[in-house]
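Please find the sequence and the predicted model below.
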Amino acid sequence: MIVAAEIVGGGQIFAYLVPLIKSLVRWKSSNLLMKMENAPFSIILVPTRELVVQIEDPLNFTLGEVDIIISTAGILLRVLRQDEHIDIERRLIGSNLQHVVVDDVDTLIDITFCPAVAEIIRRLEVSDEHIQKNVHVNDPAIVQLVFVFATIPTTTEESLKELISTDQIDKMLTPSVHRIMPHVPQKFYRVGSQQKFGLLLKLVKYDLEKKHFCFIFSNKTSRVQFLQQFFRDQRIEIFVMHIQMT
């Protein structure tokens, strides 16, 4: 099992995609993979649909139909549960499975996602004997489990224990974890609730004058909708995205 962590925007996706694709090409050329439908070589688990699209895009150039499955936890778990009630030829088969990547783990192991991720790993039959260090990497019985972090909370190790044994872990951490990218300046404004929207409007108008792109993030859909109307009242058109739009 591998735990890898890198700064946001530091190339985590390609850090696991490139070795994964090289491994896939090597296995295909050696004819080790059985030609079966619904039998992926790799499964990449992510917390959001947006991240599914982000990861899928660089893969479109070369890969086959079901070599790699990219899914959110909820959808994949639904498929695995349905497998118990459908014909064998339509089930998701793990006979070719060599890699399970859990991306953005700091999100997926929180209290909301952790039970689903644990059930997925159990249903995929990724067990301790499948991830021992001292085995040949081309052994078809081995499933490599990779956890990818952008940040590592202090509760990470305890959370991982709920998913799988942490006795066999290779850690790959860069010195830049928990640091902002060096070319991104940061400012923190301490303001009261009455002054917050006035300051936000001032900052947005400054960016508009400079022809800069501006992104505003909120933790609630209702606040996004409020800000959309707020800026429209100021004759500033914005593009909004939130979960209720899909």
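Thanks, I have it. Residues are numbered from 1 along each chain as shown.

Assumed Ser23 was part of a strand.
No. Assignment of Ser23 by DSSP: H, G, I helix; E, B strand; the rest coil gives helix, placing it outside any strand.

can you count the residues close to the closest residue to Val204 other than its chain neighbours?
With sequence-adjacent residues excluded and distances taken as CB to CB, 6 or more residues apart in numbering, Val204 is closest to Cys214, at 5.7 Å. Just so you know, the C-beta spots here come from the backbone N, C-alpha and C atoms, and that holds for glycine as well. Around Cys214 sit 13 other residues, with neighbours defined as other CB atoms under 10 Å.

residues making contact with stretch 98-105?
12-13, 16, 20, 23, 27, 41-48, 51, 55, 108, 117, 121, 124, 126, 140, 142-150, 156 (CB atoms under 8 Å, 6 or more residues apart in numbering).

Buried only: go through those for me.
Those of the contacts of stretch 98-105 that meet the buried threshold are 12-13, 16, 20, 23, 27, 41-47, 51, 55, 108, 117, 121, 124, 126, 142-150, 156, by 16 or more other CB atoms under 10 Å.

Strands of this protein, residue ranges please.
2-5, 42-46, 68-72, 99-102, 144-149, 170-173 (DSSP state E).

Just the CA trace of the third one, in PDB.
Spelled out, that is strand 68-72. The C-alpha trace of strand 68-72 is given here as PDB (Å, rounded to 0.1, in the frame of the first residue of the first chain):
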ATOM      1  CA  ILE A  68      -9.600   2.100 -16.200                       C
ATOM      2  CA  ILE A  69     -12.800   3.000 -14.200                       C
ATOM      3  CA  ILE A  70     -13.000   6.500 -12.700                       C
ATOM      4  CA  SER A  71     -15.900   6.800 -10.300                       C
ATOM      5  CA  THR A  72     -17.200   8.600  -7.200                       C
END
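
for the record, mean pLDDT for that strand?
For strand 68-72, the mean pLDDT works out to 85.
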